[in-house]
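Novice: Build me a model from this:
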Amino acid sequence: MKKTNLTLLALLPLLAFGQAYAEPNTLRAGDIVLFLFGLGICIAVFLVLRQLFLWYWKVEVVIKKQDEQIQLLKSIYNSIEENNRLTQSQIDLVIGKDSTT
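Specialist: Numbering: from 1, shown residues only. Down below sits the predicted model:
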């Protein structure tokens, strides 16, 4: 619950200061440049905060551990497949020996 509140508090300035005053029916080139500059700053702040939150929540560590788990599961699956093949070959040998006697 605290992490959600922290995220909302971090995004609050973007929402509060994201509203710009514009005079009615006037749009100058300077306004567009200022808007694009403000948008660029907001994107930069978002990217910095995103990295901060990913570090705080240890997302990279979780992804690394998931990759390790996937590798372990693949090795377990491969060993089970190998065991199944060996068991099947043993069954074939036993059935083959029984049918010849």
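Novice: And the pLDDT at I76?
Specialist: Among the per-residue scores, I76 holds a pLDDT of 98.
Novice: quick one: what helix or strand has it in it?
Specialist: In this structure, I76 sits in helix 59-100 according to DSSP states H and E.
Novice: In contact with T7, which residues?
Specialist: F53 (Cβ atoms under 8 Å, 6 or more residues apart in numbering). Glycine gets a C-beta too; all of them are placed from N, C-alpha and C.
Novice: can you tell me the helix or strand for it?
Specialist: Per DSSP H and E, T7 falls inside helix 2-16.
Novice: lowest-confidence helix or strand of the chain?
Specialist: helix 2-16 (a mean of 70; mean pLDDT, DSSP states H and E).
Novice: what distance separates that helix from the middle of the whole chain?
Specialist: Centroid separation between helix 2-16 and its chain, computed with Cα atoms, centre = their mean, to the nearest Å, is 20 Å.
Novice: tell me the angle of the helix or strand just after it relative to helix 59-100?
Specialist: Counting by DSSP H and E, the element after helix 2-16 in chain order, helix or strand, is helix 29-56. Counting by axes from the mean of the first three to the mean of the last three Cα atoms, to 10 degrees, helix 29-56 points 50 degrees away from the direction of helix 59-100.
Novice: tell me which strands and helices helix 29-56 is in contact with?
Specialist: helix 2-16 (3 or more Cβ pairs under 8 Å, 6 or more residues apart in numbering; DSSP states H and E).
Novice: which residues sit in contact with L39?
Specialist: L39 touches nothing, counting by Cβ under 8 Å, 6+ apart.
Novice: With I95 instead?
Specialist: By Cβ under 8 Å, 6+ apart, I95 has no neighbours at all.
Novice: can you pull the pLDDT of it?
Specialist: pLDDT, read off for I95, is 91.
Novice: Now do it against Q88, distance only.
Specialist: Separation of I95 from Q88 (Cβ to Cβ, to the nearest Å): 10 Å.
Novice: D31 - how many residues pack around it?
Specialist: Neighbour count for D31, taken as other Cβ atoms under 10 Å: 13.
Novice: No further questions, thank you.
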